[in-house]
Structures are given as structure tokens and as C-alpha cells.
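1. Sequence below, structure please.
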Amino acid sequence: MMGDNRGVSAVLAYTLTLGITSLLVIGLLVATGGFASDQRHETVHDELEVLGQQLAADLSAADRLVRNGGQSVSVRRSLPNEATGIPYTIEVVGGTPTVIRLSTSDPNVVVEVQVRTQTPVSSSSVSSGDVIFVESSGNLVVRNV
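-> Sure, this is the predicted structure:
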């Protein structure tokens, strides 16, 4: 008798199908993993940009209050502790223009918003969450509440 190969074709077909399917699934996971990472980066960037614009509006409001002779000026903003589930820091760099920099470390995202003020702004760095712009010795300062 020559050899019986009838059972081999089913096992071989199953093994080949399983191998090809595994390769396709791995390829899809690799391709979509990069896509998900890009989407997360964009989402964090967009949220930080919105928060930066809110802080810029508050800094401008504090500047207007100081220029209009306001005594003990303070403008408070309640911000989330995390942007899309990621902690962030807020840095205010005084100058012309003043720069409000919001950043995260993972993913590495930095957003800068420029604000022109007539009142000098002191450089400072605070953590995320509730912040307040206050007038101190003729300068505007950002602090955590």
C-alpha cells in the first residue's frame, strides 16, 4: 500500500488557516496601535488648547480689572486635574507677550497660548486643578487654590 494521505490535508489546511489568521490579526493590531496613539495625542492636545484659551481669557480679565483700578484683584478658574486622564502642568512665562504653557509627559504634548497684557505678569508654574490669577505688588501671578 502506498500511503494514506487523506487525514493530512485537513490538518494542513487548519494549520495554514490558523497561521494566516494570526498574521492578519497581528498586522491589524500593529496598524491600529499607532492610530490609537495618534488619536490620544491629538485629543490631549485639543483639550490642553481649550484649557489654555480659558486661562488666557482669565488672565486678560485680571489685567483689565487691575488697569481699571481694582483693589485685591483675583480671577479664579476651576480646571480639571487631568486632561483626558493625564496629569498636566501649567507654566506662565511673563514677558511680551505672556505665554501660558500647558504640558503633559506621556504622551509628550506641549501647548502654548500667548496673551498680551499691560500689567506685568510674574513667571510661575502650578499643577493642574483650580487656579487663581491675583495681583501682587503690581504684577499678576498665577497660583493654585
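
2. C-alpha only now, for contacts and for neighbours.
-> Will do.

3. Three-state assignment for the residue most central in space within the chain, please.
-> Geometric centre of the chain, nearest residue: residue 44, 3.2 Å, by C-alpha atoms, centre = their mean. Per DSSP: H, G, I helix; E, B strand; the rest coil, the secondary structure class of residue 44 is helix.

4. Roughly how far does residue 127 sit from residue 61?
-> Residue 127 sits 21 Å away from residue 61, taking C-alpha to C-alpha, to the nearest Å as the criterion.

5. My error: substitute residue 144 in the last question.
-> Residue 144 sits at a distance of 18 Å from residue 61 (criterion: C-alpha to C-alpha).

6. Distance from the lowest-mean-pLDDT helix or strand in the chain to the middle of the chain?
-> Among the helices and strands of the chain, helix 6-67 carries the lowest confidence by mean pLDDT, DSSP states H and E, at a mean of 88. The gap between where helix 6-67 is centred and where its chain is centred comes out at 14 Å by C-alpha atoms, centre = their mean, to the nearest Å.

7. For the helix or strand immediately after that helix in the chain, name the packing helices and strands.
-> Past helix 6-67, further along toward the C-terminus, the next helix or strand under DSSP states H and E is strand 74-77. Applying 3 or more C-alpha pairs under 8 Å, 6 or more residues apart in numbering; DSSP states H and E, we find strand 74-77 packed against helix 6-67, strand 131-136.
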